[in-house]
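> Turn this into a structure:
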Amino acid sequence: MGLRKTIGPGLNTKAWSKPWVPDIRARPPRAAPQVGYPDPGALVYHFIHHDTKQWNVPLLNQFFQPEDVALILGLRPSRNRTLDGYAWNHSKSGLYTVKSGYDLIRGIKLDNTTSEMREPSITALLSQVWESQHARKNETLYVKARNNKIFNGKEISPEDTLLHARVEADCWRTANQPEDDGVEVGGSPGAPPTPISTSENRRIPICRIDASWIDHGPVSGLGWTLVDGGGTELVGQQGCRRSLSALHAEMDCLIWAMTVLRDRQISSIHIKTDCLDLVTMSETPEDWPLFVSELNSLDILRKSFLEFRLSHILRN
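Numbers count the residues shown, from 1 in each chain. Sure thing, here's the model as predicted:
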């Protein structure tokens with residue numbers, strides 16, 4: 001229900017029966033209208049060019065619905081022979097968390113009970129309450145529990161109502177905490193930055209990367225600037241197919257920038273990003289199964305440089 005197959009070479013994932021399409025809830029792809037009877041033995045591998053390890057777009061368009069093709073193109077097939085794996089589809093890293101599991105089950109229950117509710121909709125009211133600066137949502141939970149009992153004949157125990165109220169209150173406090181971008185990688189809040197010695201700071205080219213991503217937008221924007229040892233600045237920008245998420249867009253930008261730098265025969269590079277998650281996943285790739293193919297590509301590219309550094313900078 002919450003797992004999604006991660007696509008490497010696609011050798012051990014059946015295309016029509018396994019949940020590998022990265023939708024809100026992972027699922028198999030939907031057949032295009034012209035497909036009469038999908039081959040149950042077809043593998044995802046058959047939709048990937050074997051030489052370039054890129055998607056065979058004409059074949060995708062021939063067999064799958066356009067909405068699914070757009071989602072599939074956000075996946076990056078692996079260039080090595082590692083088998084396809086599994087990742088939790090409801091967290092940004094792909095690792096299961098109790099909160100994400102609770103949110104999934106709660107969402108499914110809400111979907112199942114929507115058709116049973118006969119009282120007037122309170123969606124607009126809930127949106128106004130959520131935007132308020134004080135946690136009045138607990139009262140909403142009590143009202144919903146009362147309405148379920150009166151209108152739907154469902155009795156929710158006081159203990160369950162209190163549990164929901166506590167969870168909602170914790171989520172509200174977390175959502176309204178100010179972001180703290182002042183923590184450097186490996187540092188602690190308020191600690192002075194570690195000075196960089198002259199030998200470490202010797203005219204290594206510095207590349208700054210950034211990506212733009214809009215939910216439901218058709219494209220992602222990628223950009224980088226490079227300042228070499230002589231002070232010359234180079235700029236790269238491109239629009240590409242929409243990435244699966246903002247974090248995927250940041251990773252796509254990193255991989256693209258490293259590919260360009262490698263092709264320009266730059267042997268030492270210091271890349272700076274305002275995306276702390278990007279730095280974290282490069283240091284602990286085993287904790288990010290949802291990005292296994294991207295991290296494999298990153299590892300291959302890192303070996304192209306004699307010296308490579310990736311660090312976090314504060315967002316301006």
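
> does N80 sit in a helix or strand, and which one?
Taking DSSP states H and E as the definition, one finds N80 inside no helix or strand.

> Could you check how far it is from N89?
Taking CB to CB, to the nearest Å as the criterion, N80 is separated from N89 by 23 Å. (C-beta placed from N, C-alpha, C; glycine too.)

> For those two, indicate the residue with more neighbours.
N89 (23 against 12; other CB atoms under 10 Å).

> Tell me the pLDDT of the more buried one.
The predicted local distance difference test score for N89 is 90.

> surely it meets R25?
Yes - shown here, N89 and R25 form a contact pair, counting by CB atoms under 8 Å, at 7.0 Å.

> residues shared between the contacts of these two?
G2 (CB atoms under 8 Å, 6 or more residues apart in numbering).

> in stretch 9-22, what's buried?
Buried residues in stretch 9-22, defined by neighbour count with 16 or more other CB atoms under 10 Å: P9, G10, T13, K14, A15, W16, K18, P19, W20, V21, P22.

> Please apply the same query to stretch 223-233.
Within stretch 223-233, the residues that count as buried by 16+ other CB under 10 Å are G223, W224, T225, L226, D228.

> now it: mean pLDDT?
Predicted confidence along stretch 223-233 averages 86 (mean pLDDT).

> first to last residue in that stretch, what's the distance?
Terminal residues of stretch 223-233 lie 13 Å apart, using CA to CA, to the nearest Å.

> Work out the gap between that stretch and the centre of the chain.
Taking the mean of its C-alpha atoms, stretch 223-233 sits 29 Å from the chain's own mean (CA atoms, centre = their mean, to the nearest Å).

> Over to stretch 299-313?
How far stretch 299-313 lies from its chain's middle: 21 Å, per CA atoms, centre = their mean.

> Now do that stretch, average pLDDT.
Mean pLDDT, computed over stretch 299-313, is 94.

> can you count the residues close to D51?
D51: 6 surrounding residues under other CB under 10 Å.

> A helix includes it, no?
No - D51 is assigned coil when assessed by DSSP: H, G, I helix; E, B strand; the rest coil, not a helix.

> show me what contacts the residue lying closest to P19 once chain neighbours are set aside?
Beyond its immediate neighbours in the sequence, the residue positioned closest to P19 (CB to CB, 6 or more residues apart in numbering) is A26, lying 3.9 Å away. With CB under 8 Å, 6+ apart as the criterion, the residues that contact A26 are G2, L3, R4, K5, P19, W20, N89.

> Give me the below-cutoff pLDDT ranges for the stretch 151-300 of the chain.
151-202 (pLDDT under 70).

> still on that earlier bit, just flag the most distant two among the contacts of A26.
G2 and W20 (13.7 Å; CB to CB).

> Do a quick rundown of the helices in this protein.
Per DSSP state H, the chain has helices spanning 57-63, 66-72, 98-114, 123-131, 137-151, 158-175, 246-263, 276-283, 292-302. These are given in chain order.

> Can you report how many residues lie near D210?
For D210, using other CB under 10 Å, the count is 18.

> okay but it is in contact with I271, surely?
No - with contact taken as CB under 8 Å, D210 and I271 are classed as non-touching, separated by 11.2 Å.

> Report the residue ranges of every domain in this protein.
1-95, 98-175, 206-312 (automatic domain parsing).

> Neighbours of the closest residue to P285 other than its chain neighbours, how many?
Once flanking residues are discounted, P285 sits nearest to L295: 4.4 Å by CB to CB, 6+ apart. A count of nearby residues for L295, using other CB under 10 Å, gives 19.

> Next, the contact list for L295, please.
Residues in contact with L295, defined by CB under 8 Å, 6+ apart, are M281, S282, P285, W288.

> Isn't the last one up against S282?
Spelled out, it's W288. No - judged on CB under 8 Å, W288 makes no contact with S282 at a distance of 9.2 Å.

> List the beta-bridge partners for S311.
K272 (DSSP bridges).

> Show the contacting residues for it.
For S311, the contact set (CB under 8 Å, 6+ apart) comprises V185, H270, I271, K272, T273, V279.

> Buried ones among those?
Neighbour counting over the contacts of S311 (16+ other CB under 10 Å) leaves H270, I271, K272, T273, V279 as the buried ones.

> I am finished for the moment; much appreciated.
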